[in-house]
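1. Mind folding the following:
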Amino acid sequence: MTPRKKLVKMAPPDHSQALRHALQVGFLALNVWIGIQFYLFVRYYETGGRSTFAARPAGVEGWLPIASLMNLKVLLATGRVPGLHAAGMFLLIAFVAISWVFRKGFCAWLCPVGTVSEYLWRFGRRICGHNFRLPRALDIALRSLKYILLGLFSVRGGRDAGGCHRAFLEGPYGMVDDVKMLNFFRFLGLTGGIVMVILVVASALVQNFWCRYLCPYGALMGAVSAASPLRIRRDANLCIDCGKCARACPAMLPVDRLVSIPVGRMHRLPGMRRSVSRGGRAVPLHSATPQTRPGMGGSRRDCRAVSGHLRLRALDRSLELRSPQPRLFRADSARQRVPAPVANRTQKAEHRGRDGTAAAR
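-> Residues are numbered from 1 along each chain as shown. Alright, predicted model coming up:
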């Protein structure tokens, strides 16, 4: 007989998603304010002082990732803080540190482009009823694009840091590269407009299209987060094998088949908890029998040594669902599905059957 999991008291309500959305909206509003103030700053000098004056916001340098990467290379090579666009370099260092500690925390909690992308695919899901997933081969091929772009920018930002980089950053173009970036959106051409429309439509139809396939900044944060000491781990005692965590994961990770999630956004999903894991491979949870699952007796080494027959049966997401023993569930006050005592229900049914037979006689 399959051993029942112990009844576990549900954790208190989780408000992390509400906090995440509040930070996303707040950081997006901050960037909109920075953009407006920078536009007023540029217009003041374009009109010869006849428009409203606004000081140049230092936060606009956060939108210059290539210049920030070049400044960081200059800092590491010479030990001197660059005199131009230094704020962007320190913002890059802060975002890299956040990604190392909290993995994809910057992309999921702070990035304004990621926020817009998230609301676009939510809007597309509401209109179309669902988001589209690309075929696996095409998905893997497109995911390499952002790493290729990151490699090109890194090579461009990694040569001759002490010489030509400083000359470029402190030259005529480097002094107004933030204005060039603003003018790109102010005077958007036909080609740029078509590309923007394609990106908006693709982001509405495919979940996190820009972040998943094209964003080199996200590729950098993902590479840094791979060395993070934190991991997302599933609590097998709370897992009910419903698969909702895998369907809700914005990074499309197979959360329901892993004990340790190697890469992913720091989202608080049902049946999951954050913990620290140093080293070790991710173990397929559904490849293990109930006796060898972590938290139910046995060890992770036993999980990795499960036979191929059980791995084939694991395709149904749970061995219990294919077991001949019926699985009955009851819902408690916290809406947690837990196994009901099958033996007691069977005894009650038999007792009612005997009573009914005696009354008929």
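2. Show me this structure divided up by domain.
-> 16-225, 230-321 (automatic domain parsing).
3. okay if I get the ones you listed as JSON lines plus mean pLDDT and mean neighbour count?
-> Where you see a C-beta, it was placed from the backbone N, CA and C, and this is true even at glycine. Listed next are the domains of the chain as JSON lines, based on pLDDT from 0 to 100; neighbours: other Cβ atoms under 10 Å:
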{"stretch": "domain 16-225", "mean pLDDT": "90", "mean neighbour count": "16"}
{"stretch": "domain 230-321", "mean pLDDT": "52", "mean neighbour count": "16"}
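4. show me the contacts for the nearest residue to Val224 once chain neighbours are set aside.
-> Nearest-residue entry for Val224: Ser99, 4.5 Å, with adjacent residues in sequence omitted and distances by Cβ to Cβ, 6 or more residues apart in numbering. Counting by Cβ atoms under 8 Å, 6 or more residues apart in numbering, Ser99 touches 105-107, 221-222, 224-225, 228.
5. Quick check: the farthest pair among those?
-> The two members of the contacts of Ser99 with the most space between them (Cβ to Cβ) are Cys107 and Ser228, at 13.0 Å.
6. Quickly note the distance from the residue nearest to Phe123 when sequence neighbours are not counted to Arg126.
-> The shortest distance from Phe123 to any non-neighbouring residue, by Cβ to Cβ, 6+ apart, is to Ala204 (5.9 Å). Distance of Ala204 to Arg126, given as Cβ to Cβ, to the nearest Å: 10 Å.
7. what's the answer for Glu118, then?
-> 13 Å.
8. who touches both of those two?
-> By Cβ under 8 Å, 6+ apart, no residue touches both Glu118 and Arg126.
9. What does Phe132 show for phi and psi?
-> Here is the backbone geometry of Phe132 (degrees, to the nearest 10): phi -90, psi 150.
10. swap in Ser228?
-> Backbone torsions for Ser228, taken as degrees, to the nearest 10, come to phi -70, psi 140.
11. okay, it: pLDDT?
-> Ser228 carries a pLDDT value of 87.
12. follow-up on the earlier one: I'd like the contacts of Ser99 written out as TSV, with secondary structure added.
-> Below are those laid out as TSV (DSSP: H, G, I helix; E, B strand; the rest coil):
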residue	secondary structure
Gly105	helix
Phe106	helix
Cys107	helix
Met221	helix
Gly222	helix
Val224	helix
Ser225	helix
Ser228	coil
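13. is it fair to say Arg80 lies in a strand?
-> No: under three-state DSSP, Arg80 falls outside any strand and is assigned coil.
14. any idea what sits nearest it, other than its immediate chain neighbours?
-> Val74 (7.3 Å).
15. Contacts for the helix or strand harbouring that neighbour, please.
-> Using DSSP states H and E, Val74 sits in helix 65-78. Contact with helix 65-78 is made by 61-62, 80-82, 84-86, 88-89, 91-93, 153-154, 156-158, 161-162, 165-166, 168-169, 174, 177, 216-217, as judged by Cβ under 8 Å, 6+ apart.
16. could you dump it to PDB, C-alpha only?
-> Presented in PDB, the C-alpha positions along helix 65-78 are these (Å, rounded to 0.1, in the frame of the first residue of the first chain):
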ATOM      1  CA  PRO A  65      24.700  49.300 -21.100                       C
ATOM      2  CA  ILE A  66      27.500  49.200 -23.700                       C
ATOM      3  CA  ALA A  67      29.100  52.400 -22.400                       C
ATOM      4  CA  SER A  68      28.700  51.100 -18.800                       C
ATOM      5  CA  LEU A  69      30.400  47.800 -19.800                       C
ATOM      6  CA  MET A  70      33.300  49.700 -21.400                       C
ATOM      7  CA  ASN A  71      33.700  51.900 -18.300                       C
ATOM      8  CA  LEU A  72      33.700  48.800 -16.100                       C
ATOM      9  CA  LYS A  73      36.500  47.400 -18.300                       C
ATOM     10  CA  VAL A  74      38.400  50.700 -17.900                       C
ATOM     11  CA  LEU A  75      38.000  50.500 -14.100                       C
ATOM     12  CA  LEU A  76      39.200  46.900 -13.900                       C
ATOM     13  CA  ALA A  77      42.200  47.600 -16.200                       C
ATOM     14  CA  THR A  78      43.300  50.900 -14.800                       C
END
